[in-house]
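> Dropping the sequence and predicted coords here.
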Amino acid sequence: MSHAPIQDTTTLSAPGGPVDFSRQRTDCTIEGMEFLREDLGQKDEYLANLSPEEQQMRQEELSFYSASTNEHGDDNIWGLLSGVGGNIYEWYDFAVYGLLSPEIGAAFFPQTSERLQLINSFGVCFVAFLTRPVGAVLFGEIGDRLVGRKNALVFSILLITVPSILMGLLPGYEHWGLWSPILLVLLRMLQGLSVGGQLAGSYVISIEQSSSKTRGFRGSICDASSVGGFLMASAATASVRYMLTQQQVDDWGWRLPFLFSLLLAPLLYSVVSHTPESKIWSERNEDKQMEEMVRENEANTSPAFVDLLSSRFRRRQLAGMVGILSAVCSTFYILFLWTPVYLSELRCIMSQADADAMNFIVVGCYVFFLLISGRSSDGFTHRKDLVRIGLPGLIVAAPTMFGMFESDTWWGNLLAQLQLAACLSMVQGCMAAFEVELWMNDPTLSFTGVAIGHNLASSLFGGTMPLVATGLFYLSDDYLQEIDVNDVFYKSLFPRMLPGFYISFLGIVSLICITYVVKHPHDVRIGSPQLKQAVEKENRRNLVAKKKRRKEFERKLKNGSLNEEYVPPEVV
């Protein structure tokens, strides 16, 4: 059974004649799709039973499923390299601060206790996450409406280079007093603005230039490059701590990783300058400009984020996306940013240098896991499937990691982190492609959708993770000193697992969101309940029609009035 492609035609009147902005939905010759159109609200009798908001929701859902495919994906290598280089550079600068939090806390908050120094340092780290949604809106407008994805990446690189260098030169509290932590907060806010647009830009430009068979793998390379930034940051901080004495690191050595940005920025700009603009965005932007020229008085001047939030369907997609990413972001930051501090500063299981070296090993293995998961996701019928395999593992592995830390052995600590990294990679491996595909139906909103969704999740669940985990640790520490219980599990093991249980809760939220909230273009591959019902409905109609034709044939055969060749009915 086949159906004609769905046509979305908009014809406008102009002085020189009609202008046709028709776009053929080439990917919508799907069995049962035209009956899905009826189920989604095209029938008058069905529409009569829906509220206006529900009617709009059904129409937007139909438009989402029937959007044209991206036919411009050519796996351009420069688009991938610019995304990879930008992620490595930006996440190197961003992660260095977290790994050097103890030294930074002592330099800028020396008049507080060691516990408050660490909390204040993580608090400044969280401030950067507060500005990331603002950066998402800013760079979303730049990338979707103003100058495109390529130039948005260039601006984000410039915006993070200057604050990083200034942080490496900023005098401590002893020299500038209260102005030092204030300026530190402002510089971190600028870094947050930059990261708010850079990661989404790398996702969008890489995936939009990818063919449908390589999106998962190329997206995993982008995520691996983000992890590569953490890897480089871990290597830099570990090198500084191994090569210098602790006193030298506290005095001036912590500044060296920030100043290393001076060497990376020119190289990265050279790579981005060779990157072509996304073709699907360029084409859609030209069409939109032509429409505005024709309509003139009806031109849409509202910002991209306003258009995004004005749609009920897109708001649901955004909320579901944030829910899905809650477990990914929290686990990522607790594993690669907070765990080295936990092992060295909080639990005193190993030295800071040893914790950084172990973190370097875990990050390296995670990159390998991530690439395998991204490549595997391209082979699944639905990209959700791999995520739904990884999330239950994540729910179990997070508290298990903290329980294994109590083994007090080097191999036990390493395996504890590796088992969580393996589960996280199954969830994050295809997440870049998954995020972009949620918004690819409208290229003039995709940058904004990916940026706002990703950065809201990072701010709410990633940026707060070190603070929440540190608070839970001190809560458990005080609990252990107060209780008088002989059971070893409740005395020493269970309280230490509290940060892991928090991640498990977020993993359950993610599992619910990816199963019941978000809609994905791959739904038509496996058949959503509506589509399955539509196909069954069509098959029943065909079966009834074939039975009628057979009865008519038997009647003509019996009456001797058959003048046509017998064709056996097809079996459904």
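Thanks, I have it. Residues are numbered from 1 along each chain as shown.

> quick one, what contacts the closest residue to F336 other than its chain neighbours?
Leaving aside its chain neighbours, F336 sits nearest to F230 (5.0 Å; criterion: CB to CB, 6 or more residues apart in numbering). C-beta here means a position set from N, CA and C on the backbone, and glycine is covered the same way. Residues near F230 by CB atoms under 8 Å, 6 or more residues apart in numbering: W91, Y92, A95, F336, L337, V363.

> same check, this time on D144
Per CB under 8 Å, 6+ apart, neighbours of D144: W281, A304, P443, T444, L445, S446, F447, T448.

> pLDDT score for the residue lying closest to the fourth one once chain neighbours are set aside?
Yep, that's T444 we're talking about. Residue nearest to T444 in three dimensions, not counting chain neighbours: D144, with 5.2 Å by CB to CB, 6+ apart. D144 carries a pLDDT score of 80 in this model.

> do the same with the one 10 residues further on
At V154 the predicted local confidence, pLDDT, stands at 81.

> What separation is there between H382 and F434?
10 Å (CB to CB, to the nearest Å).

> between these two, what contacts are shared?
H520.

> So these two - more neighbours on which side?
Ranked by neighbour count (other CB atoms under 10 Å), H382 and F434 place F434 first, with 28 against 17.

> That one: which element?
helix 431-439 (DSSP states H and E).

> Can you spell out which helices and strands pack onto that helix?
helix 179-208, helix 215-243, helix 312-333, helix 352-377, helix 384-405, helix 443-457 (3 or more CB pairs under 8 Å, 6 or more residues apart in numbering; DSSP states H and E).

> can you pull the buried residues of the second one?
By neighbour count on 16 or more other CB atoms under 10 Å, the buried set for helix 215-243 is 215-238, 240-241.

> relative to helix 431-439, how tilted is that helix?
Inter-element angle recorded for helix 215-243 and helix 431-439: 140 degrees (by axes from the mean of the first three to the mean of the last three CA atoms, to 10 degrees).

> mind checking how far the helix or strand harbouring R58 is from the chain centre?
In this assignment (DSSP H and E), R58 forms part of helix 52-65. Between the centre of helix 52-65 and the centre of its host chain there is 24 Å, according to CA atoms, centre = their mean, to the nearest Å.

> What's the first helix or strand after it?
Later in the chain than helix 52-65, the nearest helix or strand by DSSP H and E is helix 77-99.

> mind showing which ranges of the stretch 151-300 of the chain have poor pLDDT?
Residues of the stretch 151-300 of the chain meeting the criterion pLDDT under 70: 276, 278-300.

> re earlier: can you redo the helices and strands packed on helix 431-439 as TSV with distance to L256?
Output for the helices and strands packed on helix 431-439, formatted as TSV (distance: least, CB to CB, whole Å):
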stretch	distance to L256
helix 179-208	17
helix 215-243	6
helix 312-333	24
helix 352-377	14
helix 384-405	30
helix 443-457	29
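
> Which of the ones you listed has the highest mean neighbour count?
Comparing the helices and strands packed on helix 431-439 by mean neighbour count (mean count of other CB atoms under 10 Å), helix 443-457 comes out on top with a mean of 27.

> give the contact list for T464.
T464 touches F126, F129, counting by CB under 8 Å, 6+ apart.

> about what we covered before: next, the angle helix 384-405 makes with the helix holding F434.
Using the same axes, to 10 degrees: helix 431-439 against helix 384-405 is 140 degrees.

> How far away from the center of its chain is the helix or strand where L511 lies?
Taking DSSP H and E as the criterion, L511 maps to helix 498-516. Taking the mean of its C-alpha atoms, helix 498-516 sits 16 Å from the chain's own mean (CA atoms, centre = their mean).

> Report the buried residues of that helix.
498-500, 502-504, 506-507, 509-511, 513-514.

> With distance to Q352 as new columns, can those be given to me in TSV?
Formatted as TSV, the buried residues of helix 498-516 follow (distance: CB to CB, whole Å):
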residue	distance to Q352
L498	23
P499	20
G500	22
Y502	25
I503	24
S504	28
L506	28
G507	29
V509	33
S510	32
L511	36
C513	37
I514	37
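
> and the two most separated of those?
Spatial extent of these (CB to CB) is set by the pair L498 and I514 at 25.3 Å.

> picking up where we left off before, would CSV of the contacts of D144 with distance to M358 be doable?
Formatted as CSV, the contacts of D144 follow (distance: CB to CB, whole Å):
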residue, distance to M358
W281, 42
A304, 42
P443, 43
T444, 45
L445, 42
S446, 38
F447, 37
T448, 39
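
> P521 in helix, strand or coil?
Classification of P521 using DSSP: H, G, I helix; E, B strand; the rest coil returns coil.

> just to revisit the earlier point, between the helix holding L511 and helix 431-439, how many degrees?
40 degrees.

> Residues contacting helix 498-516, please?
Here helix 498-516 has contacts from 319-321, 323-328, 330-331, 334, 384, 387-388, 391-392, 394-396, 398-403, 427, 461, 468-469, 472-473, 475-476, using CB under 8 Å, 6+ apart.

> Am I right that G379 sits in a helix?
No - counting by three-state DSSP, G379 is located in no helix; its state is coil.

> ok, it - how many residues close by?
When neighbours are counted by other CB under 10 Å, G379 comes out with 10.

> just R555 next, same as before
R555: 11 neighbours (other CB under 10 Å).

> if I pick it, what's in contact with it?
Here R555 is in contact with no residues (criterion: CB under 8 Å, 6+ apart).

> Quick check: mean pLDDT of the helix or strand where it lies?
Per DSSP H and E, R555 falls inside helix 529-559. Confidence for helix 529-559, expressed as mean pLDDT, is 67.

> so where's the stretch 451-572 of the chain uncertain?
479-492, 522-542, 560-572.

> Kindly recompute the last result at 80.
Scanning the stretch 451-572 of the chain for pLDDT under 80 picks out the ranges 463, 466, 476-495, 520-572.

> Wait, A304 touches F139, no?
No - using CB atoms under 8 Å as the test, A304 is too far from F139 to be in contact (10.2 Å).

> any shared contact partners between these two?
Common neighbours of A304 and F139 (CB under 8 Å, 6+ apart) are F447.

> Show me which of those two is the more surrounded one.
Higher neighbour count among A304 and F139: F139, with 30 against 24, using other CB under 10 Å.

> Over to that one. Which of the three states is it?
Looking at F139 with three-state DSSP, the answer is helix.

> What separation do you get for it and E90?
Distance from F139 to E90, by CB to CB: 12 Å.

> and what of F501?
Distance from F501 to E90, by CB to CB: 32 Å.

> Kindly tell me how buried the closest residue to V341 other than its chain neighbours is, as a neighbour count.
In this structure, V341 finds its nearest non-sequential neighbour in S101, 6.4 Å apart by CB to CB, 6+ apart. For S101, the count of nearby residues is 25 (other CB under 10 Å).

> Next: G105.
Using other CB under 10 Å: G105 sits among 24 other residues.

> Please work out the average pLDDT along the helix or strand containing it.
Assigned by DSSP H and E, G105 belongs to helix 101-108. Helix 101-108 comes out with an average pLDDT of 79.

> buried set for the helix or strand where L256 lies?
Following DSSP H and E, the helix or strand that holds L256 is helix 256-259. For helix 256-259, a neighbour-count test (16+ other CB under 10 Å) marks L256, P257, F258 as buried.

> one step back: distance from the chain centre to the helix holding G105, please.
Counting by CA atoms, centre = their mean, helix 101-108 comes out at 30 Å from the chain centroid.

> and if you look at stretch 356-363?
Worked out by CA atoms, centre = their mean, stretch 356-363 lies 23 Å from the chain centre.

> Check stretch 547-555 too.
56 Å.

> so what's the closest residue to S156 other than its chain neighbours up against?
Leaving aside its chain neighbours, S156 sits nearest to Q198 (3.9 Å; criterion: CB to CB, 6+ apart). With contact taken as CB under 8 Å, 6+ apart, Q198 is in contact with G86, N87, E90, F139, L153, S156, I157, I160.

> possible to save these as a markdown table with distance to V518?
Formatted as a markdown table, the contacts of Q198 follow (distance: CB to CB, whole Å):
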| residue | distance to V518 |
| --- | --- |
| G86 | 27 |
| N87 | 24 |
| E90 | 27 |
| F139 | 23 |
| L153 | 26 |
| S156 | 26 |
| I157 | 31 |
| I160 | 30 |
